[in-house]
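Model the structure of this input:
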Amino acid sequence: MADEPQYEMEELVNFISKDKDAIVAFYGGEPLLKDKIVKEMLYAIPAKRFVLQTNGFFIKRLHHHIHRLDSILISIDGRKEITDFYRCNGCYDAAMRALNYLKENNFKGEIIARMTASYKTDIYKDAKHLLQFFPYVHWQLDVVWSNLWDLNEFKKWAKESYMPGLKKLVKEWVDSLESKPLGIVPFMGIATRMFSSDATIPPCGAGSTAFAITPEGKILACPIAYEFKWNILGDFNGYKKIKIGEPCKSCEYYKICGGRCLFAYKERLWGEEGFNEICKVTKFLIDEIKKYEDKLEKHMEKIRYPPYNNTTEIIP
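Have a look, this model is predicted:
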């Protein structure tokens with residue numbers, strides 16, 4: 001993959017201008033390694049909203065241009081020892097410096113902690129830790145393509161750590177609704193989809209309402225699956241869409257789950273058993289939230305989320 005655009009800016013501008021409600025997200029790798037290009041695009045592209053995903057190391061390169069952004073997602077996996085184990089020493093501190101920089105400079109948009117949850121994660125402790133500092137937190141499960149663990153290890157972690165942690169976290173989140181709701185994105189998003197008649201499928205919109213543009217000008221369904229042929233949908237001259245199929249469409253959880261993740265659906269690298277085990281934890285989370293359906297309906301105006309596609313993962 002090229003590391004700089006191989007197309008003219010005018011081509012990109014013309015393409016995006018066809019959507020009057022366009023949302024443009026800068027995604028990596030680390031987008032701010034190319035901060036000059038990001039800054040140019042912030043002013044050249046006629047988008048309604050701009051989103052940035054960053055590890056936080058280079059946030060100061062944007063200076064006052066941060067105020068052109070509507071949402072900033074900072075990669076941080078929970079407590080310091082967990083984040084630095086998964087990434088490298090210094091990543092936690094860099095993320096916290098970025099958070100403080102945004103607060104000190106009165107950034108008015110959303111600030112979201114973007115977690116990856118893997119075998120050392122205690123979802124209750126790590127999410128609660130981040131909620132002390134960040135207004136919102138969301139996470140992705142390190143499954144299917146992971147090089148840190150295998151399916152059997154995931155199953156053990158899910159049973160002994162993740163699902164009990166979710167149960168405890170959901171209860172505390174529901175208790176917070178009477179005052180100031182905890183900004184737990186997956187819980188808010190699932191509750192919103194429970195009461196919605198037109199929820200996006202898949203939840204992130206990959207291949208249906210959201211697309212990635214490579215530096216070469218290719219149109220992809222999902223930005224993480226660059227090398228897969230099924231993921232290449234076209235280019236600026238035209239592109240197709242892609243959909244979730246069976247067994248998801250016939251599942252009773254489909255309206256809320258939306259197939260979870262297009263990549264995981266298409267590339268079942270843990271086989272059918274792995275696919276089903278990931279579904280199992282998704283269904284568990286949905287069922288836990290459904291237990292409080294009456295209370296959630298009462299507080300929906302407080303917790304409706306997301307306000308637009310800000311690239312968060314509604315279904316971890």
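
alpha carbons only for contacts and neighbour counts from here, please
Will do.

where exactly do the strands run in the chain?
Using DSSP state E, the strands of the chain run over 23-26, 49-54, 71-75, 110-117, 136-141, 212-213, 218-220, 232-235, 238-239.

would you list these in CSV and tack on mean pLDDT and mean neighbour count?
Below are the strands of the chain laid out as CSV (pLDDT from 0 to 100; neighbours: other Cα atoms under 10 Å):
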stretch, mean pLDDT, mean neighbour count
strand 23-26, 98, 21
strand 49-54, 98, 22
strand 71-75, 98, 24
strand 110-117, 98, 23
strand 136-141, 97, 21
strand 212-213, 96, 20
strand 218-220, 97, 23
strand 232-235, 97, 18
strand 238-239, 96, 12
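
Relative to residue 303, which of those strands is closest?
Residue 303 sits nearest to strand 136-141 of all those, at 11.6 Å, using Cα to Cα.

For the closest one, list the C-alpha coordinates in CSV.
The C-alpha trace of strand 136-141 is given here as CSV (Å, rounded to 0.1, in the frame of the first residue of the first chain):
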residue,chain,number,x,y,z
TYR,A,136,-16.9,7.7,26.3
VAL,A,137,-15.3,4.3,26.0
HIS,A,138,-15.7,1.6,23.5
TRP,A,139,-13.8,-1.6,22.7
GLN,A,140,-13.2,-4.2,20.1
LEU,A,141,-12.6,-7.9,20.9
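
Wait, residue 123 touches residue 167, no?
No - here residue 123 does not reach residue 167: they are 10.2 Å apart, not a contact under Cα atoms under 8 Å.

who's more crowded, those two?
residue 123 (23 against 16; other Cα atoms under 10 Å).

Can you name the residues that contact the more buried one?
By Cα atoms under 8 Å, 6 or more residues apart in numbering, residue 123 lies in contact with 117, 161-162, 165-166.

which one of these has the most neighbours?
Highest neighbour count within these, by other Cα under 10 Å: residue 117, with 24 neighbours.

and that residue, bridged to which residues?
Counting by DSSP bridges, residue 117 is bridged to residue 141.

Roughly how far does it sit from residue 137?
Distance, residue 117 to residue 137, using Cα to Cα, to the nearest Å: 12 Å.

Dump the contacts of residue 123 to TSV, plus distance to residue 275.
Shown next, in TSV, are the contacts of residue 123 (distance: Cα to Cα, whole Å):
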residue	distance to residue 275
117	17
161	19
162	17
165	21
166	20
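
pLDDT weak spots in the stretch 51-200 of the chain?
Within the stretch 51-200 of the chain, the set of residues satisfying pLDDT under 70 is empty.

how about the helices in it?
In the stretch 51-200 of the chain, the helices defined using DSSP state H, counting those that start in this stretch lie at 80-86, 91-104, 123-131, 151-157, 163-176, 185-194.

Among those, single out whichever gets nearest to residue 53.
When those are ranked by proximity to residue 53, the top entry is helix 91-104, at 11.5 Å, counting by Cα to Cα.

Give me the distance between the closest one and the centre of its chain.
Remark: helix 91-104 is offset 19 Å from the chain centroid, using Cα atoms, centre = their mean, to the nearest Å.

swap in stretch 308-316?
In terms of Cα atoms, centre = their mean, the centre of stretch 308-316 is found 4 Å from the chain centre.

Report the separation between the two terminal residues of it.
One end of stretch 308-316 to the other measures 18 Å (Cα to Cα).

Tell me the buried residues in that stretch?
By neighbour count on 16 or more other Cα atoms under 10 Å, the buried set for stretch 308-316 is 309-316.

just stretch 46-66 next, same as before
46-47, 49-60, 66.

Contacts for it, please.
13, 16-17, 20-28, 30-33, 35, 39, 42, 68-76, 91, 94-99, 101, 107, 310-311.
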